[in-house]
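# Structure of the sequence below:
(one chain, ligands or ions: 2)
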Amino acid sequence: MATATLPMLDLAQYHGENRAEFLRQLRVASRDVGFFYLTGHGISPQTQQQVLALGREFFALPLAEKTQVQMLNSPHFRGYTRLNGELTRGQPDQREQFDIMREDAVVGLPTSNALWRRLVGPNQWPTALPALKPTLLAFQQQLTDVTVTLLRAMLEALALPADALDHTIAGLNGTEGPYQHMKIVRYPVAAANASKQGVGAHKDPGYLTLVMQDQQAGLEVETADGWVLAEPIAGAFVVNIGELLEMASNGYLKATTHRVTSPQQQDRYSVAFFMAAQLDATVPLLPLSAELAAEAQGPATDPANPLLRQVGDNTLKGRLRSHRDVADRHYPELAQAS
Ligand SMILES: O=C(O)CCC(=O)C(=O)O
Ligand SMILES: [Fe+2]
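Ligands and ions are numbered 1, 2, ... in the order given. Here you go, the predicted model:
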């Protein structure tokens, strides 16, 4: 593991007198590493601790309570996934998790070419832990606000209008704001000789991801210097860029591969939040200046997993690959094709 560390950015500077220098650092970090720590985001340590504590409580519930809200029940890919229940590049991840998205009503009947509309719908909530719903939904909204600010700052950092992507995060069918997806995760200590794939190497699909970690390390980032450990820093979020933003910037902003290695001594808890364009958006190609365009390397393409500019199709494709059991039950016609 390389000893390099990730860049550190203070979002408070975006609103202060160091704005220009902040934007420069943001541009360089997003171009060269695609990963950084973020402080000055305005979310209090108390709120962070409260969410992590509630996450621990959730995972400590009896399996029967967690199974009651299993993702397998949900055509909208919300709910609990047991250990080994999610696949990354076909290999099972050593983590259990609970996924939520925007709390929505089911939208109208899908037409055959817009099956992604079925991603929209309600979350599942465990009756045994009533505090989970209000706490996680409020936290999801706070993280959304931070990522929207950050997205606008990134566009400014590219010398574009801050609102250049606002039309892709305005909301779907009367909902407000961008696509939201949050998960609370538990990575158990790996048994000797067992797989240590907490989550396999991957890029995130959306615009921007925020990760909140407890004190247990495990998140690793692939950089030009090799794999770098994103050591937890109390109060700071880890930010990374997703494939949609890489695509919009023609590869100037980098979606970087990362993974989690199972902890050795203590279970690790984290919360990951993924902000993306709304499902009916098509990701535009941003008009970069000639100077910046010269540094844009084009989005990385993986022939085994091509990116789709239509966000709903791209999102559904990712969910079907990661959660095969949900795909088989709720999308049999697509599960066979993917
Ligand atoms: O748990 C973490 O630290 C990161 C998780 C992650 O990369 C993901 O779920 O996409
Ligand atoms: Fe990730």
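# Could you use CA atoms for every contact and neighbour count after this?
OK.
# okay, the helix or strand encompassing Phe22 in CSV with CA atoms only?
Per DSSP states H and E, Phe22 falls inside helix 19-32. Below are the C-alpha coordinates for helix 19-32, written out as CSV (Å, rounded to 0.1, in the frame of the first residue of the first chain):
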residue,chain,number,x,y,z
ARG,A,19,-12.7,30.9,-3.2
ALA,A,20,-10.3,31.1,-6.3
GLU,A,21,-7.7,29.0,-4.6
PHE,A,22,-10.3,26.5,-3.4
LEU,A,23,-11.6,26.1,-7.0
ARG,A,24,-8.1,25.6,-8.3
GLN,A,25,-7.4,22.8,-5.7
LEU,A,26,-10.8,21.3,-6.4
ARG,A,27,-10.0,21.1,-10.2
VAL,A,28,-6.6,19.6,-9.7
ALA,A,29,-7.8,17.0,-7.1
SER,A,30,-10.7,16.0,-9.3
ARG,A,31,-8.6,15.8,-12.4
ASP,A,32,-5.5,14.0,-11.0
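# Enumerate the positions of the helix or strand hosting Leu143 that are buried.
For Leu143, the element it lies in under DSSP H and E is helix 132-157. Residues of helix 132-157 classed as buried by neighbour count (16 or more other C-alpha atoms under 10 Å): 132-133, 136-137, 139-140, 143-148, 150-157.
# Quick one: mean pLDDT over stretch 246-266.
Averaging pLDDT along stretch 246-266 gives 96.
# buried stuff in it?
Buried, per 16+ other C-alpha under 10 Å, within stretch 246-266: 246-264.
# And for stretch 26-36?
26-27, 29-31, 33-36.
# wait, does it contact ligand 1?
No. Residues of stretch 26-36 are not located near ligand 1 by C-alpha under 6 Å from any ligand atom, the shortest gap being 11.4 Å.
# which parts of the stretch 101-250 of the chain sit against ligand 1?
Checking the stretch 101-250 of the chain against ligand 1 by C-alpha under 6 Å from any ligand atom, the hits are 204, 211, 219.
# least confident pick among the residues you listed?
Asp204 (95).
# Tell me the one among the residues of the stretch 101-250 of the chain next to ligand 1 nearest to ligand 1.
Leu219 (4.8 Å; C-alpha to the nearest ligand atom).
# out of everything not next to it in sequence, what's closest to the closest one?
In space, and not counting its chain neighbours, Leu219 is closest to Val260: 4.5 Å by C-alpha to C-alpha, 6 or more residues apart in numbering.
# Just to check, the one you found is in contact with Gly218?
Yes. With contact defined as C-alpha atoms under 8 Å, Val260 counts as touching Gly218 (5.1 Å).
# Looking at the buried residues of stretch 246-266, which are in helices?
246-248 (DSSP state H).
# closest to ligand 1 among these?
Nearest member of those to ligand 1, counting by C-alpha to the nearest ligand atom, is Glu246, at 15.9 Å.
# Dump the residues of the stretch 101-250 of the chain next to ligand 1 into JSON lines; add secondary structure, distance to Asp280 and neighbour count as well.
Output for these, formatted as JSON lines (DSSP: H, G, I helix; E, B strand; the rest coil; distance: C-alpha to C-alpha, whole Å; neighbours: other C-alpha atoms under 10 Å):
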{"residue": "Asp204", "secondary structure": "coil", "distance to Asp280": "19", "neighbour count": "18"}
{"residue": "Val211", "secondary structure": "strand", "distance to Asp280": "26", "neighbour count": "21"}
{"residue": "Leu219", "secondary structure": "strand", "distance to Asp280": "32", "neighbour count": "23"}
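# any chance of the residues you listed in a markdown table, with distance to Ala234 too?
As requested, those are exported to a markdown table (distance: C-alpha to C-alpha, whole Å):
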| residue | distance to Ala234 |
| --- | --- |
| Asp204 | 23 |
| Val211 | 12 |
| Leu219 | 14 |
